[in-house]
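Peer 1: no sequence for this one, just the structure:
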DNA sequence: CCGCAGCCAGTTGGATGCAATATATTGGTT
DNA sequence: AACCAATATATTGCATCCAACTGGCTGCGG
């Protein structure tokens, strides 16, 4: 039972699998910021050679999850409060812009897609799995922005999100934050469905801005005791 | 990313050298959009193995210069007019924002750095080397934005620039465009030195916007005869 | 003449082994 | 004890080799 476990429809490359594996470890908090990633260790852990591990790390570096220095290996990137401000300011420019572009050309199907994403998020809250919630939370954002048909900008926003999101999981009162996010999401979707561009843009901006403040204050707190 | 060839005393990795090599080929137009990049060919050409070539291609994919599809290899990414609009709209949001942040905290040294970058660009115009001009043109932009101390956003802007810049070299009247860019640069620097934030932001926006229009109209023209 | 199964060449994906570099350790000197 | 040099070890970087996949070609059958 070495290979061929699920030969049907599971046609992924090893590099991609390793990338997903490491990414989930980082995003899930198993590898904290500053953690040294040993190629050999990961390779042995997954029963593969170091080559796909190296290539996976290169992809993760592009996503901002790790930093690679020559002959010194990969380290899980650590976010300073300044970095967080940097990332979120960029998102605050791009996301409202994209949602406006999206709403200018969205179809009824796009709206129902967003509604479904919102519902998936709602339904997942009682289950309380932080990884799942984070994923669905972001899926809602993507659903809002996708109709803009701006793949490049969307990829940038995705990268910005990936670089900061995992720090939200360190929150003191995650359940409270999730329900707050849910209410904000509902309001945003309400305006979105009503095709009220100005209101949607404004609410989305505030939503992102709130998340920014939360992360930044957290990071500042943890930095002050270092 | 754009380190020049300094074969002496240069102790960088083979992967980085290969990445620079391929990037310059793409940016210089030697590999046009859609061109298939054969790992073996590059490897033989540079006398290295395919491993550093593959790793270089992964980095270039992150920069948006190539697209890699599983088991099909790397292709030089081709820009549609829509893609160009996408990329430039994002730059139009980020660059004015960054220049404002930069001016809010820049020192006199930062101003003189920008002045030097502008002068380097001016001095290079008579030599007429398009690659050199493009590099110095962008160096001026970077000099303007660097004082913002926003490394993440700046990296994003850099990527956006890399993805579209090479199409500027296809212009019909490149010399004319370069002198136009020079005058715009001078005006921008004038406002920058005077610490007139509103004016600098406005001029920079127009500068980027003009470049966008030029590229987009070019691309649309070449698309219409396809 | 067209369509499809199955082989064939070319290319990429991955494993193993060796070389180069950074970090840790040891031993000597002040 | 503190500091520095030389060595030892661990880790990354790269080359070579093998396996897996893609796309085209051939030939049989409809």
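Peer 2: The structure has been received and is ready for your questions. Just so it is clear, the structure is predicted and the values come from calculations on it, not from any experiment.
Peer 1: ok, now how distant is residue A:129 from residue A:94?
Peer 2: 28 Å (C-beta to C-beta, to the nearest Å). (Each C-beta comes from the backbone N, C-alpha and C, glycine too.)
Peer 1: Which one of those two is surrounded by more residues?
Peer 2: In this view residue A:129 and residue A:94 are compared by other C-beta atoms under 10 Å in any protein chain shown, and residue A:94 has more residues nearby, 23 against 11.
Peer 1: What is the least confident helix or strand in chain A?
Peer 2: Across the helices and strands of chain A, mean confidence by mean pLDDT, DSSP states H and E is lowest for helix A:174-193: a mean of 89.
Peer 1: Can you pull out the residues in contact with that one?
Peer 2: When contacts are taken as C-beta atoms under 8 Å, 6 or more residues apart in numbering or on different chains, the neighbours of helix A:174-193 outside the stretch itself are A:99, A:103, A:111, A:114-115, A:118, A:121-122, A:125, A:128, A:130, A:133, A:137, A:140, A:144, A:168, A:171, A:199-200, A:203-204, A:206-207, A:210-211, A:214.
Peer 1: Pull out the buried members of those residues.
Peer 2: Listed as buried from the contacts of helix A:174-193 are A:99, A:103, A:111, A:114, A:118, A:121, A:125, A:130, A:133, A:137, A:140, A:144, A:168, A:200, A:203-204, A:207, A:211, A:214; burial here means 16 or more other C-beta atoms under 10 Å in any protein chain shown.
Peer 1: Which of these fall within helices?
Peer 2: Mapping the buried ones among the contacts of helix A:174-193 onto helices (DSSP state H) picks out A:99, A:103, A:111, A:114, A:118, A:121, A:130, A:133, A:137, A:140, A:144, A:200, A:203-204, A:207, A:211, A:214.
Peer 1: ok, which residues in chain A are in contact with DNA strand D?
Peer 2: A:11, A:36-40, A:50-51, A:54, A:68, A:70-74 (C-beta under 7 Å from any atom of the strand).
Peer 1: among those residues, which are in reach of DNA strand C?
Peer 2: Checked against DNA strand C using C-beta under 7 Å from any atom of the strand, the residues of chain A next to DNA strand D yield the following neighbours: A:50, A:51, A:70, A:71, A:72.
Peer 1: For these, work out which two are farthest apart.
Peer 2: Pairwise distances among these were taken by C-beta to C-beta; the largest, 18.8 Å, belongs to A:51 and A:72.
Peer 1: So between these two, which is more surrounded?
Peer 2: It is residue A:51, of residue A:51 and residue A:72, that has more neighbours when counted by other C-beta under 10 Å, with 16 against 9.
Peer 1: In contact with that one, which residues are there?
Peer 2: residue B:51.
Peer 1: which one of the ones next to DNA strand C among the residues of chain A next to DNA strand D sits closest to residue B:195?
Peer 2: The closest of those, once distances to residue B:195 are taken by C-beta to C-beta, is residue A:70, at 39.4 Å.
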